[in-house]
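Peer 1: structural data only, the sequence is not supplied:
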């Protein structure tokens with residue numbers, strides 16, 4: 001059943017709250033592994049905590065894990081009453097998927113479209129949160145009810161519904177009537193019969209019995225009406241066909257994205273009167289995630305951003321000065337507008353990394369550049385590694401790279417200043433940045449380089465934008481724990497070496513480590529071991545518990561990994577510990593024991609999820625994610641430029657495709673000898689971003705617009721991860737047809753494929769069947 005957006009609090013949550021009384025852990029939350037779902041889960045958890053409702057959070061990367069959780073957590077669970085799915089499960093029939101008892105209710109908040117109609121009309125135990133974008137569902141509901149009624153009747157009778165009242169021998173044109181009920185006369189067939197030939201052109205022998213269906217047509221031609229029961233049957237059949245067409249058109253529309261899941265949950269918090277600025281910030285991040293990953297168009301983004309802007313103003317109302325003048329809460333983040341004082345401009349531009357107070361966590365609305373992590377990078381690298389700027393300037397060619405240099409020269413920025421970290425850039429150039437970029441944007445085809453966004457102070461530490469948070473959280477979801485551990489390696493060695501060395505030497509880690517980012521960990525270490533130092537720092541206020549130092553965060557992860565008291569720390573990001581830098585000989589025999597003790601909780605993707613989940617409340621974890629995101633973006637742009645420059649994108653009749661190969665080694669420092677291609681095979685979101693980048697380039701420089709298919713090899717599984725992208729348009733919602741195309745092609749070819757993720761346009765294909773599948777896909781017709 002559908003639950004309207006404006007009744008979620010009074011209807012859905014009220015029932016969750018009632019069912020939670022007098023029971024134990026009655027709420028189970030399934031969360032998919034994306035930033036929007038992460039933020040929605042954080043908001044929902046805050047709501048449940050405010051009412052002291054016990055709950056369990058279970059991240060799920062795909063349907064395989066969802067099936068396992070059904071066996072472990074749902075079946076035979078007498079306490080469970082409410083199952084909540086965030087951005088997962090909306091496209092399958094949940095009644096048949098889960099083993100539900102009569103007391104359980106499933107609540108679905110899913111931005112994936114189209115939703116499965118069985119969840120909407122088929123079962124009262126499944127409640128789907130309606131974002132209002134489905135519109136009038138009367139016709140769909142009527143079609144679904146009719147077809148379901150016929151299916152139930154046929155099940156009871158033990159025969160097909162089309163065999164009622166005369167069978168189905170006259171299906172299609174043989175009943176003499178069109179779908180509109182108009183008599184049809186197959187003239188060509190009659191003319192052939194007059195010449196003694198059958199309709200197929202062969203002569204019919206004299207002793208061949210005439211077709212009884214032809215006699216029915218002659219009776220109709222003689223003016224005789226069909227029998228009343230046959231008229232009813234024909235009318236029912238026409239109605240069935242019409243309803244089947246309605247359902248088929250609904251599913252054949254293609255996949256697209258509805259309202260952000262985080263916004264739906266935040267709307268429920270507003271109705272319940274428990275919304276906070278933290279929940280608002282999470283809703284902003286969820287919306288920005290869909291926009292940056294091009295799942296919603298610019299029009300829908302601006303409409304929702306305006307609504308969130310009103311919420312920002314409401315939370316900042318206490319910051320207005322008594323005389324009506326803008327106070328601390330009325331800062332304008334419009335990058336150097338005249339009505340800002342000097343300090344406000346500094347905070348907006350990132351000239352200063354501090355807010356107005358140590359406890360300043362206010363949110364501001366303003367304009368943001370489409371430049372990659374500008375406040376944490378330098379201007380040149382931020383522009384070069386921005387997918388938007390790279391595609392517009394064509395930087396895979398020498399001419400395009402020269403255009404980028406010329407643009408910075410025309411902005412009046414010295415080459416040295418463009419390569420300085422943005423925080424160290426001269427204040428004069430920071431003030432000029434907004435005006436100069438806007439002035440040159442039309443000349444360099446960068447008209448959309450600025451878009452409305454939001455910013456949040458992190459006390460005296462930093463001012464972070466919503467886009468910074470999205471890129472950081474996405475990186476942590478993909479490789480968070482592996483990156484933190486890799487950049488905590490050597491901590492014990494550097495600490496020990498500080499006995500005889502200079503204090504500052506111990507703050508440097510391998511490959512650009514940011515171990516020392518917390519501020520002089522090694523300087524205070526003396527001769528302590530890593531464990532003793534971590535415990536000392538935690539006791540003295542530096543560590544994960546107090547969220548005050550990125551170095552302490554990294555060090556604590558390193559210490560926990562060395563202890564390895566359970567199966568939790570035995571696996572790397574891919575759920576496989578063979579690349580664990582701390583792995584020792586003989587650990588293989590303990591793997592099964594560790595798995596049984598940890599009950600599967602040690603899988604890398606689950607650890608990455610909870611690291612990203614904690615990062616929503618910790619700037620120090622976000623700081624790690626920001627640096628990891630820089631490395632991933634470098635790999636993305638490097639791979640995209642290489643694919644384009646080497647003409648690896650091939651054009652077929654109906655689409656373009658590219659197959660990634662080993663492009664560079666050890667690109668982001670997650671494992672020795674790791675290739676860029678394998679990084680994309682391990683991250684669906686990163687592969688989708690790469691496909692979007694290449695699609696933008698071909699839209700910019702090629703007249704013929706075709707869908708794009710990108711394949712990344714997974715060497716461990718001997719398969720390809722394939723992503724289909726219908727096209728790119730910033731102003732028009734593009735519906736992706738590849739979900740249905742992949743399914744149809746797999747059935748036609750019998751290829752060994754695997755659908756496990758919640759994105760239907762992503763599929764895994766075995767290497768042996770890949771070539772056959774791609775050829776058949778080119779012949780697919782909608």
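Peer 2: Perfect, thanks for sending it. Predicted model only: the values in this text are computed from it and were never measured.
Peer 1: lowest-pLDDT helix or strand in the chain?
Peer 2: The least trusted helix or strand in the chain, going by mean pLDDT, DSSP states H and E, turns out to be helix 491-497, with a mean of 35.
Peer 1: you'd agree residue 129 is in a helix?
Peer 2: No. Under DSSP: H, G, I helix; E, B strand; the rest coil, residue 129 falls outside any helix and is assigned strand.
Peer 1: that one: what's it in contact with?
Peer 2: Residues near residue 129 by Cβ atoms under 8 Å, 6 or more residues apart in numbering: 3, 5, 8, 12, 107-109, 264. C-beta coordinates here come from the backbone N, C-alpha and C atoms, glycine included.
Peer 1: among those residues, who's most crowded?
Peer 2: Highest neighbour count within these: residue 109, with 29 neighbours (other Cβ atoms under 10 Å).
Peer 1: nearest residue to that one other than its sequence neighbours?
Peer 2: Of all residues not flanking residue 109 in the chain, residue 129 sits nearest, at 4.6 Å (Cβ to Cβ, 6 or more residues apart in numbering).
Peer 1: what segments of the stretch 601-750 of the chain are helices?
Peer 2: With DSSP state H, counting those that start in this stretch applied, the stretch 601-750 of the chain shows helices at 604-615, 619-645, 676-681, 684-701, 738-749, listed in chain order.
Peer 1: low-scoring stretches of the stretch 151-300 of the chain, by residue?
Peer 2: For the stretch 151-300 of the chain, applying pLDDT under 70 flags the ranges 151-227.
Peer 1: now stretch 727-734: buried residues?
Peer 2: Buried residues in stretch 727-734, defined by neighbour count with 16 or more other Cβ atoms under 10 Å: 727-728, 734.
Peer 1: tell me the phi and psi of residue 363?
Peer 2: phi -110, psi 140 (degrees, to the nearest 10).
Peer 1: so what's it bridging to?
Peer 2: For residue 363, the beta-bridge partners under DSSP bridges are residue 456.
Peer 1: what's the burial count for it?
Peer 2: 23.
Peer 1: confidence score at it?
Peer 2: Here the pLDDT value assigned to residue 363 is 92.
Peer 1: what's the separation between it and residue 614?
Peer 2: 20 Å (Cβ to Cβ, to the nearest Å).
Peer 1: where does the protein have low pLDDT?
Peer 2: 150-227, 317-356, 487-603, 662-676, 703, 781-782.
Peer 1: tell me the SS of residue 77?
Peer 2: Here residue 77 is recorded as coil under three-state DSSP.
Peer 1: swap in residue 135?
Peer 2: Looking at residue 135 with three-state DSSP, the answer is coil.
Peer 1: separation between it and residue 2?
Peer 2: Applying Cβ to Cβ to residue 135 and residue 2 gives a distance of 12 Å.
Peer 1: between those two, who's got more neighbours?
Peer 2: Using other Cβ under 10 Å as the criterion, residue 135 and residue 2 rank with residue 2 on top: 17 against 7.
Peer 1: that one and residue 126 touch, don't they?
Peer 2: No. Counting by Cβ atoms under 8 Å, residue 2 does not reach residue 126; the two are 10.1 Å apart.
Peer 1: is residue 714 in a bridge, and if so with what?
Peer 2: residue 719.
Peer 1: circling back: so which of the buried residues of stretch 727-734 comes closest to residue 412?
Peer 2: Of all those, residue 412 sits closest to residue 728, with 32.7 Å by Cβ to Cβ.
Peer 1: can you tell me the SS state at residue 92?
Peer 2: Classified using three-state DSSP, residue 92 is coil.
Peer 1: wait, what's in contact with it?
Peer 2: 63, 116.
Peer 1: gap between it and residue 759?
Peer 2: When Cβ to Cβ is applied, the distance between residue 92 and residue 759 equals 13 Å.
Peer 1: just residue 441 next, same as before
Peer 2: As judged by Cβ to Cβ, residue 441 and residue 759 stand 33 Å apart.
Peer 1: for those two, indicate the residue with more neighbours.
Peer 2: residue 759 (23 against 16).
Peer 1: need the contact list for the more buried one.
Peer 2: 112, 255, 684, 688.
Peer 1: thinking the last one is in contact with residue 725, fair?
Peer 2: Yes. At 7.4 Å, residue 688 counts as touching residue 725 under the criterion of Cβ under 8 Å.
Peer 1: in three-state terms, label the closest residue to residue 292 other than its chain neighbours for me.
Peer 2: Of all residues not flanking residue 292 in the chain, residue 470 sits nearest, at 5.5 Å (Cβ to Cβ, 6+ apart). At residue 470 the chain is in helix, as set by three-state DSSP.
Peer 1: how far away is residue 470 from residue 417?
Peer 2: Look at residue 470 and residue 417: by Cβ to Cβ, they are 27 Å apart.
Peer 1: which one's more surrounded, those two?
Peer 2: Legend: neighbour count by other Cβ under 10 Å for residue 470 and residue 417, higher for residue 470 (25 against 18).
Peer 1: quick check: the more buried one touching residue 38?
Peer 2: No. With contacts counted by Cβ under 8 Å, residue 470 stays clear of residue 38, the gap being 10.3 Å.
Peer 1: where do the helices sit along the stretch 301-450 of the chain?
Peer 2: Counting by DSSP H, counting those that start in this stretch, the helices of the stretch 301-450 of the chain are 342-349, 379-384, 387-393, 398-410, 415-418, 427-441.
Peer 1: want to try JSON lines for the buried residues of stretch 727-734, with distance to residue 710 as columns?
Peer 2: Listed next are the buried residues of stretch 727-734 as JSON lines, based on distance: Cβ to Cβ, whole Å:
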{"residue": "727", "distance to residue 710": "14"}
{"residue": "728", "distance to residue 710": "13"}
{"residue": "734", "distance to residue 710": "16"}
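Peer 1: and the closest residue to residue 726 other than its chain neighbours, how far is that from residue 695?
Peer 2: Spatial nearest neighbour of residue 726, chain neighbours left out: residue 736 (4.4 Å); criterion: Cβ to Cβ, 6+ apart. Look at residue 736 and residue 695: by Cβ to Cβ, they are 12 Å apart.
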